[in-house]
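> I'll drop the sequence and a predicted model, then ask my questions.
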Amino acid sequence: MRFFCHYSLAGYCNTFLLGPDRGGDAVLIDPGFLDTALLQLIEKNSLYPRFILVSHAHDAHIHDIKSILKIYDATLFAFSHSIQGFPTTAVRDGMKLELGPFAIEVLETPGHSGDSVVYRWHKMLFTGDTLTAGSIGTTNDAFSRELLLSSIREKMLGFKEEHYVFPGHGPPTTLDIERRTNPDLIQETP
């Protein structure tokens, strides 16, 4: 399997691409902005984004969905039932998505937004804005912050094996690093 990370200056956001070694149907995660570099990455590696996973429906993660769907015949997966007027396959906590050779687990993580989810593939967590290196997602009020922290504690921090965190913004990290250094999570440790 091949894994690619694409950073877009347009939205200061990350897009992730999972695909087979020799090309074929691929998974595109949080494709906020379709720029020439992302298109070249997909095409140069003979990949076809058949599945699009959306962590939440904020613009930085869905901005160019319409353009992507004009190019590729893909199925959208999101907590919301539609994205920019396109129907999705709605995901819920604990679902296992069988997307070609990829078995991806869905973790509901409300708090940053009501439709936030994290996608887990093996020891990789695609966290959108739920958890980033050194921080957690922004929230509108104290209730949403507590909901987000609860989501992170209950859905991610309990994993025994080390997991890599690939956020929607900023550099990758690991759960162990975040447990030890993330000021938002350290406050939570009794």
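Looks like it arrived, so ask away.

> so where do the helices sit in the chain?
For the chain, the helices defined by DSSP state H cover 36-44, 59-62, 65-71, 142-155, 175-181, 183-186.

> ranking these by burial, who's on top?
Comparing these by mean neighbour count (mean count of other CB atoms under 10 Å), helix 59-62 comes out on top with a mean of 20. In short, each C-beta sits where N, CA and C put it, glycine included.

> pLDDT of it, averaged?
Helix 59-62 shows a mean pLDDT of 88.

> Over to stretch 176-190?
pLDDT averaged over stretch 176-190 gives 82.

> which outside residues touch that stretch?
Here stretch 176-190 makes contact (CB atoms under 8 Å, 6 or more residues apart in numbering) with 131, 133-136, 149, 152-153, 157, 162, 165.

> Equivalent analysis for stretch 87-101, please.
Here stretch 87-101 has contacts from 1, 20, 24-27, 50-51, 53-54, 75-82, 103-108, 117, 155, using CB under 8 Å, 6+ apart.

> Restricted to buried residues, select those residues in PyMOL.
Selection of the buried residues among the contacts of stretch 87-101 in PyMOL, burial being defined by 16 or more other CB atoms under 10 Å:
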select buried, resi 20+25+26+27+50+51+53+54+76+77+78+79+80+104+105+106+107+108+117+155
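
> re the thing from before, out of the helices of the chain, nearest to residue 169?
helix 59-62 (7.4 Å; CB to CB).

> chain center to the closest one: distance?
11 Å (CA atoms, centre = their mean, to the nearest Å).

> can you list contacts of that helix?
Contacts of helix 59-62 (CB under 8 Å, 6+ apart): 11-13, 30-33, 54-55, 83-84, 128-129, 168-169.

> and stretch 30-42, C-alpha only, in CSV?
Written as CSV, here are the backbone C-alpha positions of stretch 30-42 (Å, rounded to 0.1, in the frame of the first residue of the first chain):
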residue,chain,number,x,y,z
ASP,A,30,-10.3,15.5,3.5
PRO,A,31,-9.7,16.9,-0.1
GLY,A,32,-10.2,20.5,0.7
PHE,A,33,-8.5,22.1,-2.3
LEU,A,34,-7.8,20.4,-5.6
ASP,A,35,-4.7,22.1,-6.9
THR,A,36,-2.3,21.0,-9.7
ALA,A,37,0.1,19.3,-7.3
LEU,A,38,-2.7,17.1,-5.8
LEU,A,39,-4.0,16.2,-9.2
GLN,A,40,-0.4,15.3,-10.4
LEU,A,41,0.1,13.2,-7.3
ILE,A,42,-3.0,11.2,-8.0
